[in-house]
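Chemist: 3D model of this:
(chains A and B)
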There are 2 protein chains.
Amino acid sequence: MSELYLGIDMGGTLIKMAVVDGKAAIVEEISIATDMKAAPKAVIKNMADVLKNFKNYNKIKSIGIGIAGDVDYKKGVVRFSPNLPEWKNVQLKKEMEKLTKKTVFVDNDANTAAIGAFWLDIKTKADNVICVTLGTGVGGGIIINKKLFRGNSGTAGEIGHTTIEAEGRKCNCKNRGCAETYIGVKHIVKEAVDTLKNKKSKYIMKLAENNIKNITPKLLSQAALKGDVVAQQIWNNAGKKLGILLANLINIFNPDNIVLCGGISNAGNLIMNPAKKEIKERAFKTSAAACKIIVSKYTGRLGVAGAAMLVKN
Amino acid sequence: MSELYLGIDMGGTLIKMAVVDGKAAIVEEISIATDMKAAPKAVIKNMADVLKNFKNYNKIKSIGIGIAGDVDYKKGVVRFSPNLPEWKNVQLKKEMEKLTKKTVFVDNDANTAAIGAFWLDIKTKADNVICVTLGTGVGGGIIINKKLFRGNSGTAGEIGHTTIEAEGRKCNCKNRGCAETYIGVKHIVKEAVDTLKNKKSKYIMKLAENNIKNITPKLLSQAALKGDVVAQQIWNNAGKKLGILLANLINIFNPDNIVLCGGISNAGNLIMNPAKKEIKERAFKTSAAACKIIVSKYTGRLGVAGAAMLVKN
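Modeler: Residues are numbered from 1 along each chain as shown, chains lettered A, B, ... in the order given. Sure, this is the predicted structure:
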């Protein structure tokens, strides 16, 4: 075990830390709760202290950190993070390097997820891979010629905010008809809540214990698998829109692989079957045939593993 | 003048041939009419003969050829070309190499246009450039890290066939709501013809000498510039849709530049002003600010210059 790398995935709930080997497989891992209200410096100090508990800590030369939001990856500055309201223009790289004496890389969590998928799901055996993160937000990471593609100012891959319906639903980003407004978590849940105003569902409200606030994508999957027609329709609609987004990516990138990850990808065939049908109707045949679409088997670990491998990008 | 390259752009009307220098500037050029009905071998023989008229012919080591359609760039085979119905699975590279004893490269004309724009409009001073071809078809060429990006099976860049309106207009590619169905030449003309059924235009029919078959994008530009409200509305609608496509490309690629070329780009501000307004409303601010959008100054020459520079890709 000659090569070892350290990764940190700073989520809104958990901060995951791991030592991975030269193939991004996890060797050691520790998770701590995210203290959203703490001052950034205190959070960084705490992370640096916890890292020292890794048995292999001394063998590691560099640390990679993934975090949601607007990140200046060149300077390692977190300009803004939606999960951590206190974090504004935080010199994460500089502070962490001071405390650990190791080289630190910082990037957006959609980018670290893409790198993680490239190592863990693809095993680096493809050149061009698009990673689609289906969570609260819909994001993307682009691997071109085996390297992360960041664009001119580091914000490439905002595929969730591409218009698939010119005058469609309003999005938080101020655009209309973004893919995210059809396949992001809260929009899927909202569609369920809205549908239930007019249609009766056999299982959704039962599983939600009669409280619409309990409706989650996971619950909608459970209901659909029990045969609930309303829940199936919700997944069918979301899958159709996901298929449009994926067909667009196939026609633009003609990629070797698309890897789906994030909570919504757990819906599996419920969302993938209608998506694949849509791709068949919309994408160029040769490009669609050349692209293998997979659901990541490592969803919870892509961020931390990819962060560790940032050093190779 | 140490470096010289030879390019051929095989269009449906003209075959353009040129010798360019190391910066892709044209040194010598010859155009011949395209004989659509001739056998491919005869066309290739004729091109090889004409090339020999270039003064610098003997100094040239390689030839690049761009052609519309489905091209296997690795083998230099033209599988199919919409402009040349006789051309099916033609071994263009092999035949041309036999006749000229020079190395021959063959690629799709959207790709050669992108390479041409990268050399002539951008002067290779940017890393990531998207070239958008606005003609009968709407195509794209992607330059990543100063190199053409072709994808897995050579069909990357089909941006005209990305859905921007989920249940929109039917497209020839069998998809619905493709960008091309709103900003491709025949769709713009059709929208004008359809609009004239209900609305009276001051200049369109006058300029068309009362024959709807004479309506072209150029005529619609002339009418709009004279103040024709119907023509202005047509360009406004097309510009809005172009803006959606460009905003999507900005959010996906965060490119340094987008270069527009092809006949429709001649509409200039008529289409660009509404497009820019739409980009402002739809694209991420940092990405939009980082991306300079230009209309190519070399539209008619991008294909031939880019074909010549294929050797560098």
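Chemist: ok, now which ones touch A:Pro82?
Modeler: Contact criterion Cβ atoms under 8 Å, 6 or more residues apart in numbering or on different chains gives A:Gly12, A:Ala68, A:Gly69 as the residues in contact with A:Pro82. In this view, the C-beta of every residue, glycine as well, is placed from N, C-alpha and C.
Chemist: let me know the closest of the residues you listed to chain B.
Modeler: In terms of Cβ to the nearest Cβ, no member of those lies closer to chain B than A:Gly69, at 12.4 Å.
Chemist: my guess is that closest one meets A:Asn108, correct?
Modeler: Yes: the pair formed by A:Gly69 and A:Asn108 meets the contact definition of Cβ atoms under 8 Å, at 7.1 Å.
Chemist: the more surrounded of these two?
Modeler: More neighbours sit around A:Asn108 than around the other of A:Gly69 and A:Asn108, counting by other Cβ atoms under 10 Å in any protein chain shown; the figures are 26 against 16.
Chemist: show me what contacts that one?
Modeler: For A:Asn108, the residues meeting the contact criterion (Cβ under 8 Å, 6+ apart) are A:Gly66, A:Ile67, A:Ala68, A:Gly69, A:Asp70, A:Val71, A:Tyr73, A:Gly139, A:Gly154.
Chemist: may I have the beta-bridge partners of it?
Modeler: For A:Asn108, the beta-bridge partners under DSSP bridges are A:Ile67.
Chemist: ok, the residue nearest to A:Asn248 when sequence neighbours are not counted - how many residues close by?
Modeler: Distance criterion Cβ to Cβ, 6 or more residues apart in numbering or on different chains; nearest residue to A:Asn248, sequence neighbours excluded, is B:Thr162 at 4.1 Å. For B:Thr162, the tally of surrounding residues (other Cβ under 10 Å) stands at 31.
Chemist: same check, this time on A:Lys197
Modeler: By other Cβ under 10 Å, neighbour count at A:Lys197 equals 7.
Chemist: ok but it is inside a helix, no?
Modeler: Yes: counting by DSSP: H, G, I helix; E, B strand; the rest coil, A:Lys197 is located in a helix.
Chemist: now it: how far from chain B?
Modeler: Computed as Cβ to the nearest Cβ, to the nearest Å, the A:Lys197 to chain B distance reads 23 Å.
Chemist: list the contacts of the lowest-mean-pLDDT helix or strand in chain A.
Modeler: Counting by mean pLDDT, DSSP states H and E, the weakest-scoring helix or strand in chain A turns out to be strand A:70-72, with a mean of 90. By Cβ under 8 Å, 6+ apart, the surrounding residues in contact with strand A:70-72 are A:Val77, A:Val78, A:Arg79, A:Phe80, A:Ser81, A:Val106, A:Asp107, A:Asn108, A:Gly154, A:Thr155, B:Thr286.
Chemist: any idea which helix or strand comes after that strand?
Modeler: The C-terminal neighbour of strand A:70-72 among helices and strands, as given by DSSP states H and E, is strand A:77-80.
Chemist: pull out the buried positions in that next one.
Modeler: A:Val77, A:Val78 (16 or more other Cβ atoms under 10 Å in any protein chain shown).
Chemist: about what we covered before: what's the closest of the contacts of A:Pro82 to A:Ile250?
Modeler: A:Ile250 has its nearest neighbour among the contacts of A:Pro82 in A:Ala68, at 26.4 Å by Cβ to Cβ.
Chemist: please report phi then psi for that closest one.
Modeler: Main-chain dihedrals, A:Ala68, degrees, to the nearest 10: phi -70, psi 140.
Chemist: near chain B, which residues of the stretch 201-313 of chain A?
Modeler: Proximity of the stretch 201-313 of chain A to chain B is assessed by Cβ under 8 Å from any Cβ of the partner chain, with A:240-241, A:244, A:247-248, A:251-256, A:281-284, A:286-287, A:289-291 identified as the residues in range.
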